[in-house]
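> missing the sequence, but the structure's below:
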Ligand SMILES: [Zn+2]
């Protein structure tokens, strides 16, 4: 299964996105990877992007 399904949502506008859609990186010398990851909504430009909580696993 490689189907991309939304894993993140924008708090500001409420839209759902895949990780690829919201993920952006900036160079950052002080981090081990040399870059810092940002989650930015492509619709409204907000950085208030949260990961969707996994639901449906309650016994
Ligand atoms: Zn948004």
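Received it, and whenever you're ready, just let me know what you need. For clarity, every value in this text was computed on a predicted model and none was experimentally measured.

> Now do residue 35 against residue 28, distance only.
Note on residue 35: its distance to residue 28, by C-beta to C-beta, to the nearest Å, is 6 Å. Heads up, the C-betas are built off the backbone N, CA and C, glycines and all.

> Okay, strands next: where are they in the chain?
8-10, 16-17, 23-27, 35-39, 49-51 (DSSP state E).

> Now for the closest residue to residue 36 other than its chain neighbours: which residues touch it?
Nearest residue to residue 36, sequence neighbours excluded (C-beta to C-beta, 6 or more residues apart in numbering): residue 28, at 4.0 Å. Residue 28 makes contact with 34-36, according to C-beta atoms under 8 Å, 6 or more residues apart in numbering.

> Name the residues of stretch 7-15 that are buried.
Buried residues in stretch 7-15, counted by 16 or more other C-beta atoms under 10 Å: 8-10, 15.

> Show me which of the residues you listed is closest to the ion.
residue 10 (3.2 Å; C-beta to the ion).

> Need the strands of the chain in a markdown table (columns: mean pLDDT).
Below are these laid out as a markdown table (pLDDT from 0 to 100):
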| stretch | mean pLDDT |
| --- | --- |
| strand 8-10 | 96 |
| strand 16-17 | 96 |
| strand 23-27 | 95 |
| strand 35-39 | 94 |
| strand 49-51 | 96 |
